[in-house]
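# this is a predicted model, with the sequence first.
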Protein chains: 2
Amino acid sequence: MRKRGYEYYCDMRGMLSFLILFLLSKKPMHGQGIADEIKKRKGIKPSPGTIYPALKVLHEADLIKESKSGKILTYTLTRKGRMVLNESKKKFCRIFMGILSA
Amino acid sequence: MRKRGYEYYCDMRGMLSFLILFLLSKKPMHGQGIADEIKKRKGIKPSPGTIYPALKVLHEADLIKESKSGKILTYTLTRKGRMVLNESKKKFCRIFMGILSA
DNA sequence: TTAAATATATCGGTCATCCAATATATCATA
DNA sequence: TATGATATATTGGATGACCGATATATTTAA
């Protein structure tokens, strides 16, 4: 059987979009800023091949909007993005109810 | 572009093992009981092909132990399982810090 | 005006999660 | 003991998150 580290059992796959929406709800950020903040939280910085496609999906879904300034693309939540985030947060709390109070 | 429901952006893939460990830390349960509790929280009941392989992995990793009584297999956290859960919870809180206070 | 650093972007591929379908064993009730 | 309901279990396959490598554009420094 394959050996796995502790981190395996909470590997957070599928949570990237959710986390990005949450971070952007705090303040507008660009791709690298988001990646750095995720590194602070997770310990691992998502690769370009992870973060940019994720941003693209969110942008195409009209959940975030971008404003370009030089090479920097700053993202902000759209109205729809805030809506989706709120729904997702409700779901998140329902699912993990009791975990954080401990 | 593909249309996605709200739930997509918080689809929780990769969190099943973590959730199972957490639920078992509250009280010993069997497979169906776990599946039912997850249905309560997520709204969708994980299929047998999801829940049993997940339990098998956790068991083989010595994170949960089973005790059979008739057709019912009741699972309990092992010492190692409690350790891994605690580590995972710390990580979880670090990553999602700020989401639940809102 | 090169050179180095930073930000963005895409592609190919790997891997784990998860489901649908199916099978088997045990229990309850008739 | 036959029947149906419940619990466990496996397999095959689809999906998509994620990484590594690579490429391009912009900024800054030399």
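Done, it's in.
# is any residue of the longest helix along chain A near DNA strand D?
Identified as the longest helix of chain A according to DSSP state H is helix A:79-95. No. Applying Cβ under 7 Å from any atom of the strand, one finds helix A:79-95 separated from DNA strand D by no less than 12.7 Å. All C-beta atoms are positioned from the backbone trio N, CA, C, and that covers glycine.
# so does that helix get close to chain B?
Yes. Shown here: helix A:79-95 in contact with chain B (Cβ under 8 Å from any Cβ of the partner chain) through A:84, A:85, A:87, A:88, A:89, A:91, A:92, A:93, A:94, A:95.
# can you list the buried residues in the helix or strand of chain A with the lowest mean pLDDT?
When each helix and strand of chain A is scored by mean pLDDT, DSSP states H and E, helix A:79-95 comes last, with a mean of 90. For helix A:79-95, the neighbour count (16 or more other Cβ atoms under 10 Å in any protein chain shown) marks A:81, A:84, A:85, A:88, A:89, A:91, A:92, A:95 as buried.
# any weak-confidence spans in chain A?
A:1-5, A:10, A:101-102 (pLDDT under 70).
# near chain B, which residues of it show up?
A:1, A:4, A:6-15, A:17-19, A:21-22, A:26, A:41-42, A:60-61, A:63, A:84-85, A:87-89, A:91-100, A:102.
# in helices, which of the residues you listed appear?
Per DSSP H, the residues of chain A next to chain B map to helices at A:17-19, A:21-22, A:26, A:41-42, A:60, A:84-85, A:87-89, A:91-95.
# burial of the nearest residue to residue A:99 once chain neighbours are set aside, as a residue count?
Spatially, and ignoring its direct neighbours in sequence, residue A:99 is nearest to residue B:22 (5.7 Å; Cβ to Cβ, 6 or more residues apart in numbering or on different chains). Around residue B:22 there are 20 other residues, counting by other Cβ atoms under 10 Å in any protein chain shown.
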